[in-house]
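>>> Fold the following.
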Amino acid sequence: MTELLRHARVGPDGAEAAARRTTIWLARTLEGTAEVVRAGEADRRPEVRAVVRGELGSAVVSGPEGHTRVVALGGEPPYRVLVITRSCPLDGEDAALAGHAAVLLDLVLRVGPVLQALEPVAYEGLESVEGEHGEVVQADLVQGRLGDAFGAVDAESSSSGFSVPMTIRAGGSPARPANRGETSG
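Numbers count the residues shown, from 1 in each chain. So this is what the prediction gives:
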């Protein structure tokens, strides 16, 4: 999880770059391929059509290309899915890692651009991201970026699928920007 969080950190190069780093690392770790596909592309891929739009969920397809696990990201447009393909089935710790990566990628791609826009205003913290099964991700918001202080992902992941409806609750209030044209007297 530590390595996953390190690669998913949103830096000055933005959320999309963080997502690319994460999928490259995920593919190497799982010894397969991993990519985030937008809905327009997804509609042309038969294995992706099995995923219900607008909900986090997954489908596993076995075919000549290998075993493909498709995990839907996000609950509103633009819909994205994480597509993972490798030669052997994805189960156990690898399946859990794929599920955690999907939750984190969703957070990065939806919240990351907002965090970039907040700079240079510092927020005290993003309190949590919650799912129906309890807290999913704890995060700190530092200088408008995803911080390092993520807690454990607490989500259901099984061979039957992966489902974590999420809402984001911001905690803390924006700090006052330093030297932003303030006048005295």
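
>>> What residues of the helix or strand encompassing Ala17 count as buried?
Under the criterion of DSSP states H and E, Ala17 resides in helix 15-30. If you call a residue buried by 16 or more other C-beta atoms under 10 Å, then helix 15-30 has these buried ones: 15, 18-19, 21-23, 25-27, 29-30. Just so you know, the C-beta spots here come from the backbone N, C-alpha and C atoms, and that holds for glycine as well.

>>> can I get those residues in JSON lines with distance to Leu4 and pLDDT?
Output for those, formatted as JSON lines (distance: C-beta to C-beta, whole Å; pLDDT from 0 to 100):
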{"residue": "Ala15", "distance to Leu4": "16", "pLDDT": "84"}
{"residue": "Ala18", "distance to Leu4": "11", "pLDDT": "87"}
{"residue": "Ala19", "distance to Leu4": "12", "pLDDT": "89"}
{"residue": "Arg21", "distance to Leu4": "10", "pLDDT": "91"}
{"residue": "Thr22", "distance to Leu4": "7", "pLDDT": "91"}
{"residue": "Thr23", "distance to Leu4": "11", "pLDDT": "92"}
{"residue": "Trp25", "distance to Leu4": "7", "pLDDT": "93"}
{"residue": "Leu26", "distance to Leu4": "8", "pLDDT": "92"}
{"residue": "Ala27", "distance to Leu4": "13", "pLDDT": "93"}
{"residue": "Thr29", "distance to Leu4": "8", "pLDDT": "93"}
{"residue": "Leu30", "distance to Leu4": "11", "pLDDT": "91"}
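
>>> low pLDDT regions in the protein?
Applying pLDDT under 70 to the chain picks out residues 1, 39-40, 42-43, 47-65, 72, 74-78, 114-185.

>>> does the nearest residue to Ser87 once chain neighbours are set aside have beta-bridge partners, and which?
Once flanking residues are discounted, Ser87 sits nearest to Gly66: 4.9 Å by C-beta to C-beta, 6 or more residues apart in numbering. In this entry, Gly66 is beta-bridged to Gly63, by DSSP bridges.

>>> follow-up on the earlier one: could you export the buried residues of helix 15-30 as TSV, including distance to His100?
Output for these, formatted as TSV (distance: C-beta to C-beta, whole Å):
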residue	distance to His100
Ala15	18
Ala18	15
Ala19	14
Arg21	16
Thr22	11
Thr23	13
Trp25	13
Leu26	10
Ala27	15
Thr29	12
Leu30	12
